[in-house]
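*Asks:* after the sequence you'll find the predicted model.
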Amino acid sequence: MRTTRSTRTTASPRTSGTSGTSGTSGTTRTRTRTRARTTAVTGAAALAVAGALLLSGCGGSGDSSANANVAAVSAEAPQKAGTLLDTPFTKPALVLTDNQGKPYDLVKETAGHPMLLFFGYTHCPDVCPTTMSDLALAKAKLPKADQDALRVVFVSTDPERDTPARLTAWLGAMDKSFIGLTGKFDAIQAAARSVGVGIDPPVKEKDGSVTVTHGAEVLAFWPKDDKAHVLYMSGTTAGQFAADLPKIVRSEAP
């Protein structure tokens, strides 16, 4: 028996604010929409989680086709932060510009390395900076060798505004080793969809605000096969990431 559930939550007014730094301004309002597919199995409860979308802006709408790629996952105990994917995602074949202004081949540059992948944007008022800060705190707890091996990649879903210079400044405030990628939106959208994350092109609204969509998930890729085996949803704490990262580095299920 398979049940599809959709939930839409509108963020409270306190999430509204003026976004942008270094001379860039604009109003950002946030709402969250989550789609989940749950499969019931006789004698056991098997959970399936689809990509959660975070839509920032006024009157933004999602593309239902973006949610077609649903991640099937293994049942996990409630205290587990990460969700183990039954079918791991292949690393997207993505070549963009990194925050140093140089071409960056995601598959080539991260081959054989543990990698954490997140799709977001620097003008995001809440989820993106919180997630990346938590990853920085968790990474800092790893042994030096594991820190050097780990790749944390932030792919912009707002590439027109997220220039290499802006990505360097924004990510550098959290961890200077974090890699920021920007480029053509179509390529970014295709890569996101290939790992179950649905995003739409940024839209400038009549009131001057910009609607930007981004994922609420962090995907953890194991170094042994360069595939995403674990998915972390928004709300995962720095402590939970820190507890799991040593196993991610060793290609082990947390």
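*Replies:* Here it is on my side, so go on.

*Asks:* out of everything not next to it in sequence, what's closest to residue 223?
*Replies:* Spatial nearest neighbour of residue 223, chain neighbours left out: residue 114 (4.9 Å); criterion: C-beta to C-beta, 6 or more residues apart in numbering. The C-beta positions use only the backbone N, C-alpha and C, and glycine is treated the same way.

*Asks:* how close does that neighbour sit to residue 220?
*Replies:* 7 Å (C-beta to C-beta, to the nearest Å).

*Asks:* tell me how many other residues crowd residue 142.
*Replies:* The number of residues packed near residue 142 is 18, by other C-beta atoms under 10 Å.

*Asks:* wait, it touches residue 246, no?
*Replies:* Yes. The pair residue 142 / residue 246 is scored as a contact, 6.7 Å apart, by C-beta atoms under 8 Å.

*Asks:* contacting residues around residue 112?
*Replies:* Each residue near residue 112 by C-beta atoms under 8 Å, 6 or more residues apart in numbering is listed here: 223, 226.

*Asks:* got the CA coordinates for stretch 232-240 in CSV?
*Replies:* What follows is stretch 232-240, C-alpha atoms only, in CSV (Å, rounded to 0.1, in the frame of the first residue of the first chain):
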residue,chain,number,x,y,z
TYR,A,232,19.6,14.9,6.1
MET,A,233,16.6,17.1,6.3
SER,A,234,16.4,20.7,7.5
GLY,A,235,16.5,20.8,11.3
THR,A,236,19.5,18.4,11.6
THR,A,237,21.7,20.0,14.3
ALA,A,238,25.4,20.6,14.3
GLY,A,239,25.7,17.9,17.0
GLN,A,240,23.9,15.3,14.9
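
*Asks:* list the contacts of that stretch.
*Replies:* By C-beta under 8 Å, 6+ apart, stretch 232-240 touches 32, 49, 52, 54, 81-83, 127, 131, 133-135, 137-138, 216-220, 241, 244.

*Asks:* out of those, which are buried?
*Replies:* 32, 49, 52, 54, 81-83, 127, 131, 134-135, 137-138, 216-220, 241, 244 (16 or more other C-beta atoms under 10 Å).
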